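Novice: here's a sequence, model it:
(chains A and B)
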Amino acid sequence: MNDMTNNKNLIEGRTGMWEMVLGLEVHAQVISKSKLFSGAATAFGAEPNTQVSLVDAAFPGMLPVINEVCIEQAVKTGLGLNAQINLRSVFDRKNYFYADLPAGYQISQYLDPIVGKGTIILDLPGGEHREVGITRLHLEQDAGKSLHDQHPSKTYVDLNRAGVALMEIVSEPDMRSSDEAAAYLKKLRSILRYLGTCDGNMDEGSMRCDVNVSVRKPGDGLGTRCEIKNVNSIRYVAQAIEYEARRQIEILEEGGSIKQETRLWDPGKGVTRSMRSKEHAHDYRYFPDPDLLPLNLDPKWVDGLKAGLPELPDAKRQRFIKEFGLSDYDAGVLVAEKESAAFYEAAAKGRDPKLTANWITSELFGKLNAAGLDITESPVSAAAVGELVGLISDNTISGRIAKDVFAEMFETGKGAAEIVEAKGLKQVLDTGAIDAEIDKVMAANVDKVAEYKAGKDKLLGFFVGQVMKAMGGKANPAMLNERLRAKLSA
Amino acid sequence: MSLDSKTVAHIATLARIRVPESDLPGLAQELTGIMAWIEQLNEVDTKGVQPMSGVLARDLPRRADVVNDGGNPDKVLANAPEPAHGFFTVPKVIE
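Specialist: Prediction:
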């Protein structure tokens, strides 16, 4: 694993450089109407305990029956991660006591998960790509939700979430910086959303993350790790990793040793702290669930799912680069969400693909961001962006005017051509008209003309500005520059 | 396999069973005896035999992804000692 050492990721301590080693466990809630082993609903935000079957509440004698869509979602996800699909997998009981786990065990998969080793390609800041290994993906039940702030001495328990299907996706300890961990989560979320197997919504808890952090001197074997729980945003993951790595380095540099433990991220204080209750919890006494037979998959069925997979972000990025001549960076930005990729493809139809990409990634995304909207809520449709790009390409309007037109499109939802027509913004391509305005400006600034001729080239910008102003910004910029130079040098 | 009192105390903690200190040696002896009995299975040659996790030679039954259960909070909470506002309540378990 030393080949993943990258000097720029090293952290400087008092005794020299250190390297962090990171592995992530992501719990991704499966998109399904009903739970993994019962017919109760999975929708978020229902009244407490209204989406609970007696199976989920672990009433005596209730038997779990597996949801076929949850199996399909897990296999699709495995295929999307280029992972091995295990045609035989086994459900086990993971035993522990907690108030929101009514059965006293969670049905999970241990030795024989449904998905084995796979890979994911990280898109790093700076345009680098790096592969990270996936160890496994298994299906398991979610627990209920505990509310600790409703009563001074009681914890309230809602079992609506109990029994909802989760995919636990475990990475290899292949990451070496908080940037890489963040890139991993972004890419995983993107793939899950493309596949439609998890909505990736960290705010609502449908994607949750535990981080394993250890540090070592470059070239050494793995250090003792701590598992950080409760990190529910990509920003917190990065913060928690930075804090935890520093904490461990300080202990080691003081001559101490790291205790393997579960720690909790406290976003308010920006620190991780020990979870004492978990000290003895790592003895789960897994055994095969006697209520469930092994799960066997038909290889033909798996092949069928594979054939039906949508185009995933990596393939789409490659195609955008090849088909549209986009830069790796622009293609990456556009394919990060499948909705923005689809928007781009619709807008670029029959238009200049690079120009379209520029308008979407800079102007449109900038305005959407400022307005707190996502691409599906854009007041400017893909066709309207295409129309605007068309008007720029055929010289109807200049790029400068296009920005104003776009701002109005965003405000009013009107079409580009309609705005250009109504406001008379068509670019002036008539040399005679441009020449006439240049003559007027030169006549009014005889002193500056003289200075220019005396060698003050910088004044060209002044003249361009004056003529543009006089023409309401509608002069074709290239033409104006060319005519100005000619006239000033005459 | 022989179990000592410390192991028995640990198992009891995991199972949330309160065992008085004085009962531990006796339980350790009994459990050691049970383990010895089970360990007779080690004499069977299982080389090349798939571990069995069920006796039924059939596939895991599956259900369609439809919502046909739930919506019965009263039934779910019927045996709860102190339900409040639709929730189960338990003594506070905050970290």
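Novice: ok, which residues in chain B are in contact with chain A?
Specialist: B:10, B:13-14, B:16, B:53-54, B:56, B:58-73, B:75-77, B:82, B:84-95 (C-beta under 8 Å from any C-beta of the partner chain). All C-beta spots, glycine's among them, are computed from the backbone N, C-alpha and C.
Novice: just the buried ones out of the residues you listed, please.
Specialist: Neighbour-count burial (16 or more other C-beta atoms under 10 Å in any protein chain shown) applied to the residues of chain B next to chain A gives B:14, B:53, B:60, B:63, B:65, B:67, B:69-73, B:76-77, B:87-90.
Novice: out of those residues, which are inside strands?
Specialist: If you go by DSSP state E, those have B:63, B:88-90 in strands.
Novice: only C-alpha atoms, please: export the lengthiest helix in chain A in CSV.
Specialist: Longest helix in chain A by number of residues (criterion: DSSP state H): helix A:234-253. Only the C-alpha atoms of helix A:234-253 are listed here, as CSV (Å, rounded to 0.1, in the frame of the first residue of the first chain):
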residue,chain,number,x,y,z
ILE,A,234,-18.8,15.5,3.7
ARG,A,235,-17.4,18.7,5.3
TYR,A,236,-17.5,17.1,8.8
VAL,A,237,-15.8,14.0,7.5
ALA,A,238,-12.9,16.1,6.4
GLN,A,239,-12.8,18.1,9.7
ALA,A,240,-13.1,14.9,11.8
ILE,A,241,-10.2,13.3,9.9
GLU,A,242,-7.9,16.3,10.3
TYR,A,243,-8.7,16.6,14.0
GLU,A,244,-8.3,12.9,14.7
ALA,A,245,-5.0,12.5,12.8
ARG,A,246,-3.5,15.5,14.7
ARG,A,247,-4.8,14.0,18.0
GLN,A,248,-3.1,10.6,17.2
ILE,A,249,0.2,12.2,16.1
GLU,A,250,0.3,14.3,19.3
ILE,A,251,-0.2,11.2,21.5
LEU,A,252,2.5,9.2,19.5
GLU,A,253,5.0,12.1,19.6
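Novice: buried sites along that helix?
Specialist: A:234, A:236-245, A:247-249, A:252.
Novice: swap in stretch B:25-39?
Specialist: Quick answer for stretch B:25-39 (16+ other C-beta under 10 Å): B:27-28, B:31-32.
Novice: so which of those is the closest to chain A?
Specialist: residue B:31 (14.6 Å; C-beta to the nearest C-beta).
Novice: helix, strand, or coil at the closest one?
Specialist: In three-state terms, and counting by DSSP: H, G, I helix; E, B strand; the rest coil, residue B:31 is helix.
Novice: any idea of the pLDDT on it?
Specialist: Here, the pLDDT recorded for residue B:31 equals 95.
Novice: gap between the one residue in the stretch 301-450 of chain A that gets nearest to chain B and residue A:71?
Specialist: Chain B sits closest to residue A:301 of the stretch 301-450 of chain A, with a gap of 11.9 Å, by C-beta to the nearest C-beta. The gap separating residue A:301 from residue A:71 is 10 Å, by C-beta to C-beta, to the nearest Å.
Novice: do residue A:240 as well
Specialist: From residue A:240 to residue A:71 the distance is 33 Å (C-beta to C-beta).
Novice: cool, residue A:370 as well?
Specialist: Taken as C-beta to C-beta, the span from residue A:370 to residue A:71 is 43 Å.
Novice: the two: which is more packed in?
Specialist: Of the pair residue A:370 and residue A:71, residue A:71 is the one with more neighbours under other C-beta atoms under 10 Å in any protein chain shown, namely 23 against 9.
Novice: packing partners for the host helix or strand of the more buried one?
Specialist: Element membership for residue A:71, per DSSP states H and E: helix A:68-80. Applying 3 or more C-beta pairs under 8 Å, 6 or more residues apart in numbering or on different chains; DSSP states H and E, we find helix A:68-80 packed against strand A:129-141, strand A:165-171, helix A:178-195, helix A:299-307, strand B:62-63.
Novice: in terms of secondary structure, what does the fourth one contact?
Specialist: Other helices and strands packing on helix A:299-307, by 3+ C-beta pairs under 8 Å, 6+ apart, are helix A:68-80.
Novice: what's the neighbour count on the residue nearest to residue A:399 when sequence neighbours are not counted?
Specialist: Spatially, and ignoring its direct neighbours in sequence, residue A:399 is nearest to residue A:392 (5.9 Å; C-beta to C-beta, 6 or more residues apart in numbering or on different chains). Counted with other C-beta under 10 Å, residues neighbouring residue A:392 total 21.
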